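1. any chance you could fold what I've pasted below:
(chains A, B, C and D)
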There are 2 protein chains.
Amino acid sequence: MIRVLIVDDHEVVRQGLRFVLDQEDGVEVAGECANGEQALALTRALRPSVMLLDLVMPGMDGLDVLRRLGDDRPAVIVLTSFHEDERILEAIRLGALSYLPKTTAVDRVVEAVRAAAHGGSVLEPRIAGLLVRRMRGERPDPLSVLTPREREVLTALARGRSNVEIARSLSLGRETVKTHVSSILAKLGVTDRTQAAIVGLQQGLVPLDEALLDPDG
Amino acid sequence: MIRVLIVDDHEVVRQGLRFVLDQEDGVEVAGECANGEQALALTRALRPSVMLLDLVMPGMDGLDVLRRLGDDRPAVIVLTSFHEDERILEAIRLGALSYLPKTTAVDRVVEAVRAAAHGGSVLEPRIAGLLVRRMRGERPDPLSVLTPREREVLTALARGRSNVEIARSLSLGRETVKTHVSSILAKLGVTDRTQAAIVGLQQGLVPLDEALLDPDG
DNA sequence: GGGACCCTCCCCCGGCAGAGGGAGGGGAAA
DNA sequence: TTTCCCCTCCCTCTGCCGGGGGAGGGTCCC
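-> As a prediction, this is how the structure comes out:
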């Protein structure tokens, strides 16, 4: 009997998972909870064999839970709507067996639970590809091709600054900033500064909320 | 009998909602689907009285669905994990009765469905507060000063498109787009298109993940 | 020392961006 | 009807943006 612990702050999702898993033979939902602290406590108390873990939760999030699980841990399946590559890789690095977006078909979830019970992994093609590329040493992070200086310039760019403003704030010549911007555009494969700014924001170089604020503020 | 259509690209969520609603007296799930196109088709075919609508979906998203629903529309409850204020307000502006984060307790969802059948609203305190403050004019919605056309242009802007591309996609003259962009800059109090794009992204006009994706979004 | 890469700055040049002004048509409200 | 706003398009003009070169100085490594 595979005993599953569901950790998700969305009650709807918990209900859905419980509903689906309860219909499966050889699988039972041992418990569920809505935050990281409870997840650790319930793991100790219930000793589930599999944990379905949401990454995005208030307070202690999924990555924190993965960090604090002891050696005698359940097989962890990360199930979240969060798509940032770095978080996916971090979760896998921290011992997650499977990583499934919440858009996954329920059959795949069941499949992942059964696989996890035997130490197996179920990965979405995109994430599998990510791992393969990473294994090959390729960089999924588009920003990793940038030099430190270029990253600085892109940061300013993502804040909505003009070349002259960037030049002033970095104590550079206007021409120098132009050079950096040009190579940033080439490296990121975009056509103008606005698109580059969007990439910078997507990669979290600047929190979206702070994008237009003053650098000091 | 309240007939509900569930629109969500997450199968787990659909199952959860169906499970919960099927247990309620006087409520039945008329159908479910995973994208905006199907939502419109099923609305015509099934004539549900209530629609539970996810905002974030591939292809036509929830806001598009709201825009394209005819006058004879079901009561729409927006149920999503997306918290951007502007998208919330835009959804309400477009006729959504209730707006519930997916973290909502299932009882509240049921409550919202029953309320919606009578034209009532169930709002989270935070969102209610947002509406009240907005009503008081405390934090004027930066996008509310824009005309519909300008908002369309800003959306394209936030996707990183150039004036020519915007002109082509909206079937306009390049000059017209320039006019719109100029008034957008003036109204938003920013100096260039990149800053305008950032405002658009901050206000949730375009989900950050989709900002650089294909032309016909 | 030579190579590779980074950072810095320079030139020319085409082109889009953005400011400013003008103008016609249409719809809604006074 | 008049007025006002929105949408559409046109023109000029300034200037920044971005492409394509080139070039000197710095470090690090072979």
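2. and chain A, which residues reach DNA strand C?
-> Contacts of chain A with DNA strand C, taken as CB under 7 Å from any atom of the strand, map to A:147-150, A:170, A:172-176, A:178-180. The C-beta positions use only the backbone N, C-alpha and C, and glycine is treated the same way.
3. just those that are near DNA strand D?
-> Applying CB under 7 Å from any atom of the strand to these, those adjacent to DNA strand D are A:174, A:178-179.
4. same list, those residues, but as TSV with pLDDT please.
-> Converted to TSV, those look like this (pLDDT from 0 to 100):
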residue	pLDDT
A:Arg174	91
A:Lys178	94
A:Thr179	93
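5. now those residues as CSV including secondary structure and distance to chain B?
-> Converted to CSV, these look like this (DSSP: H, G, I helix; E, B strand; the rest coil; distance: CB to the nearest CB, whole Å):
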residue, secondary structure, distance to chain B
A:Arg174, helix, 16
A:Lys178, helix, 15
A:Thr179, helix, 19
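6. and those, which are buried?
-> The neighbour-count test (16 or more other CB atoms under 10 Å in any protein chain shown) marks none of those as buried.
7. so the residue in chain A that chain B sits nearest to is in which element?
-> Using CB to the nearest CB, the closest approach of chain A to chain B is made by A:Gly16 at 2.8 Å. Take DSSP states H and E as the rule and A:Gly16 turns out to sit in helix A:11-22.
8. what stretches of chain A score poorly on pLDDT?
-> A:82-87, A:89-90, A:93, A:124-141, A:213-217 (pLDDT under 70).
9. hang on, the earlier thing: pull the residues that contact the helix holding A:Gly16.
-> With CB atoms under 8 Å, 6 or more residues apart in numbering or on different chains as the test, helix A:11-22 has contacts from A:4, A:6, A:8, A:27-29, A:32, A:34, A:52, A:54, A:79, A:102, A:106, A:109-110, A:113, B:10, B:12-17, B:19-20, B:102-106, B:109.
10. those residues in helices, which ones?
-> Among these, the ones falling in helices (DSSP state H) are A:106, A:109-110, A:113, B:12-17, B:19-20, B:106, B:109.
11. can you list the residues of chain A near chain B?
-> By CB under 8 Å from any CB of the partner chain, the part of chain A that sits against chain B consists of A:9-17, A:19-20, A:81, A:83, A:102-106, A:109, A:157-160, A:162, A:190-195, A:197-199, A:201-202, A:208-209, A:211-212.
12. at 7 Å what do you get?
-> A:9-13, A:15-17, A:19-20, A:81, A:83, A:102-103, A:105-106, A:109, A:160, A:162, A:192-195, A:197-198, A:201-202, A:208-209, A:211-212 (CB under 7 Å from any CB of the partner chain).
13. burial count for the nearest residue to the residue of chain A closest to chain B once chain neighbours are set aside?
-> The spatially closest residue to A:Gly16, leaving aside those adjacent along the chain, is B:Gly16, at 2.8 Å (CB to CB, 6 or more residues apart in numbering or on different chains). Residues lying near B:Gly16 (other CB atoms under 10 Å in any protein chain shown) number 27.
14. try the one 10 residues further on
-> Counted with other CB under 10 Å, the burial measure for B:Gly26 works out to 9 neighbours.
15. my guess is it contacts B:Ile2. True?
-> Yes: the pair B:Gly26 / B:Ile2 is scored as a contact, 6.0 Å apart, by CB atoms under 7 Å.
16. which non-adjacent residue is nearest A:Asn163?
-> A:Val177 (4.7 Å).
17. helix or strand for that neighbour, which one?
-> Secondary structure (DSSP H and E) places A:Val177 in helix A:174-188.
18. identify each buried residue in that helix, please.
-> Residues of helix A:174-188 classed as buried by neighbour count (16+ other CB under 10 Å): A:176-177, A:180-181, A:183-185, A:187-188.
19. pull the most distant pair out of those residues.
-> Spatially, the most separated pair among the buried residues of helix A:174-188 is A:Thr176 and A:Leu188, at 18.6 Å (CB to CB).
20. of all the buried residues of helix A:174-188, which comes closest to B:Leu46?
-> Using CB to CB, the buried residues of helix A:174-188 come closest to B:Leu46 at A:Leu188, 45.3 Å.
21. same for the helix or strand harbouring A:Leu100, what does it pack against?
-> Using DSSP H and E, A:Leu100 sits within strand A:98-101. Strand A:98-101 is packed against strand A:75-80, helix A:85-93, helix A:106-117, with contacts defined by 3 or more CB pairs under 7 Å, 6 or more residues apart in numbering or on different chains; DSSP states H and E.
22. ok, now how distant is the residue of chain A most remote from its centre from A:Ile166?
-> Each residue of chain A has a distance to the centre, and by CA atoms, centre = their mean the biggest one is for A:Gly173: 37.6 Å. Separation of A:Gly173 from A:Ile166 (CB to CB, to the nearest Å): 11 Å.
23. using CSV, list the CA coordinates for the helix or strand hosting A:Arg149.
-> Secondary structure from DSSP H and E places A:Arg149 in helix A:148-158. Listed next in CSV are the C-alpha coordinates belonging to helix A:148-158 (Å, rounded to 0.1, in the frame of the first residue of the first chain):
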residue,chain,number,x,y,z
PRO,A,148,29.0,40.6,-15.4
ARG,A,149,29.0,44.1,-17.0
GLU,A,150,26.4,43.1,-19.5
ARG,A,151,24.2,41.8,-16.7
GLU,A,152,24.6,45.1,-14.9
VAL,A,153,23.5,46.9,-18.0
LEU,A,154,20.6,44.6,-18.5
THR,A,155,19.5,45.2,-15.0
ALA,A,156,19.3,48.9,-15.6
LEU,A,157,17.6,48.2,-18.9
ALA,A,158,14.9,46.1,-17.1
